[in-house]
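Asks: quick one, fold the following:
(4 chains)
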Protein chains: 2
Amino acid sequence: MHAAFEKEFHYSPLIRKLDSIFPLSADERQAVLDLPMQIAALKEDQDIVREGDRPGRSFQILSGLTCTYKMTGDGKRQIVAFGIPGDMPDIQSLHLKVLDLSVATLTPCSVGFVPHDALWDLCLRHPRLCAAFWRESLVEAAAFREWVLNVGRREAYPRMAHILCELLVRLRAVGLAEDHVCDLPITQAEFADALGITTVHVNRVLQQMRREGLIATKGSRVAVPDWEWLKAEGDFDPTYLHLQHSGAVQ
Amino acid sequence: MHAAFEKEFHYSPLIRKLDSIFPLSADERQAVLDLPMQIAALKEDQDIVREGDRPGRSFQILSGLTCTYKMTGDGKRQIVAFGIPGDMPDIQSLHLKVLDLSVATLTPCSVGFVPHDALWDLCLRHPRLCAAFWRESLVEAAAFREWVLNVGRREAYPRMAHILCELLVRLRAVGLAEDHVCDLPITQAEFADALGITTVHVNRVLQQMRREGLIATKGSRVAVPDWEWLKAEGDFDPTYLHLQHSGAVQ
DNA sequence: CGGCGTATTGAGATTCCTCAATTACGGTGG
DNA sequence: CCACCGTAATTGAGGAATCTCAATACGCCG
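Replies: Sure thing, here's the model as predicted:
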């Protein structure tokens, strides 16, 4: 019984995500549970996959936070997405042989690797699951587009507010945030790489936010006293996250 | 015969793209040709679809240039992608009901609308075609990631050089550019919205590029005297375009 | 020959950056 | 419980890239 429980536990972020897209049939659910998955426990600040890799498997985040990033030729880093439990940041490697991105852990993480051939097999047998994976990659693309808008057309202050909104909404959707409080173990240097600004500037923006009462922090814990206010400052509209199937407060 | 020829002509960008991903069987080819497609001729500077729409069809660009863009709440525009013949910029609407992006023509365009149910039917009957469409949306996502990197971590000059590289390589891949010359009917204001900078600054960057001989322009015609030089200035590595199947010079 | 959209120019303002300390904090060993 | 260490956060001052706001010039179309 213990092994079965552990399996449910490990697969649950994926099952949960697929199930939120459309209710899984018993058959489909079983097919996902039958996926071979190699669990790995990773320390923080460790690359899971790296640009240029040709992996034969994709992974799912079971617990912990990751970031997806790219580097310029002169060594500047840009984070293009944060990964939370249930995400599969390198699902693209199923179709595209050479990875054009890297994924690193921000915290200790547990991830599950699934061989590509098993995923292919699943997709062929279960068109609806195939559609769900495809859909997930489209949602991911929508988030990249919003990220471009954020970095390209918002100033540092609303840019930071926007990222905080996105993180909070997504964490709520997977049950990792109470209404307006969550744990964000992300350093200012990491925020800087996500926002396309400097660590120093991140620091100043955060100070201003705290001074004005837009957010309150204690360690890595972030509280948002007035959600509507933060949304307004961040010019945040959650449509692009395509979460309508979850009942999360937005 | 005339009608058949016209059909081949209209479908060719799509067939060509799918065929470049993997050689189509006669069956698959015919299935694509059998897709109902409504052709429309559009003027320049016209929205094809708009954020918030719930289209029941997707479109393919048959000729002309488009841009995919988003707006901030205070009316600033960010272009997140350029579309060229063969692209399907709103394929996401097949899975995501509400559009989170807008697509507009930059030049007069011919586009082909395909109803979603026909696409779903095609995907169910032909898993390889489904995979090809999915793959295309992943390539698109890879381009968004690079766009984030470009806007977030490169200064205006290399940022512009990078966009020029991307456009040139993609246009070459569909036969719309000679080796190092192409037609880019994109205004400086449109480049500004793509790069996340000001029209004034685009102008100054382009002047510098011309002064230094990195590019030469005549009307909307752009010539690149030294491709390797432009690539170097733009920190451009075409891996993210995942074009390995085409024989284009990169 | 106008007229209109696009490109160009100039000068002053801003945001954000760079560089270099300095301080705070979480965890560790004594 | 406290001293110590390393990472992360904070601060200050000067500089650079980019913006804003006009104003002017160009080029194509009718």
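Asks: just give the closest residue to the residue nearest to the spatial centre of chain A, not the sequence neighbours.
Replies: The centroid of chain A falls nearest to residue A:83 when counting by Cα atoms, centre = their mean (2.4 Å). Nearest residue to residue A:83 in three dimensions, chain neighbours excluded: residue A:66, at 3.7 Å (Cβ to Cβ, 6 or more residues apart in numbering or on different chains). Any C-beta I mention is one placed from the backbone N, CA and C, and that applies to glycine too.
Asks: what count of nearby residues applies to the one you found?
Replies: Per other Cβ atoms under 10 Å in any protein chain shown, the neighbour tally for residue A:66 reads 26.
Asks: check it and give its pLDDT.
Replies: pLDDT, residue A:66: 98.
Asks: could you do the one 3 residues further on as well?
Replies: Here the pLDDT value assigned to residue A:69 is 98.
Asks: try residue A:157
Replies: 98.
Asks: tally of neighbours for it?
Replies: Residue A:157: 18 surrounding residues under other Cβ under 10 Å.
Asks: confirm it sits in a helix?
Replies: Yes - counting by DSSP: H, G, I helix; E, B strand; the rest coil, residue A:157 falls inside a helix.
Asks: what are the buried residues along the top helix by length along chain A?
Replies: Longest helix in chain A by number of residues (criterion: DSSP state H): helix A:127-153. Within helix A:127-153, the residues scored as buried using 16 or more other Cβ atoms under 10 Å in any protein chain shown are A:129-153.
Asks: so is it next to chain B?
Replies: Yes - shown here: helix A:127-153 in contact with chain B (Cβ under 8 Å from any Cβ of the partner chain) through A:127, A:130-131, A:134-135, A:137-142, A:144-149, A:151-153.
Asks: would you map the strands across chain A?
Replies: A:38-42, A:47-49, A:57-63, A:66-71, A:77-83, A:102-105, A:109-115, A:181-183, A:216-218, A:221-223 (DSSP state E).
Asks: if we can go back for a sec, what sits against the residue nearest to the centre of chain A?
Replies: Going by Cβ atoms under 8 Å, 6 or more residues apart in numbering or on different chains, residue A:83 touches A:61, A:65-68, A:89, A:103.
Asks: got a markdown table for those, with distance to residue A:25 too?
Replies: Output for the contacts of residue A:83, formatted as a markdown table (distance: Cβ to Cβ, whole Å):
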| residue | distance to residue A:25 |
| --- | --- |
| A:61 | 25 |
| A:65 | 32 |
| A:66 | 30 |
| A:67 | 34 |
| A:68 | 31 |
| A:89 | 27 |
| A:103 | 31 |
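Asks: out of those residues, who's nearest residue B:203?
Replies: residue A:68 (34.1 Å; Cβ to Cβ).
Asks: could I get the pLDDT score of the residue lying closest to residue A:95 once chain neighbours are set aside?
Replies: Excluding the flanking residues, the one nearest residue A:95 by Cβ to Cβ, 6+ apart is residue B:135, at 4.1 Å. Looking at residue B:135, its pLDDT reads 97.
Asks: got it, and the one 3 residues further on?
Replies: Here the pLDDT value assigned to residue B:138 is 98.
Asks: for residue A:179, same thing?
Replies: At residue A:179, the pLDDT value in this model is 85.
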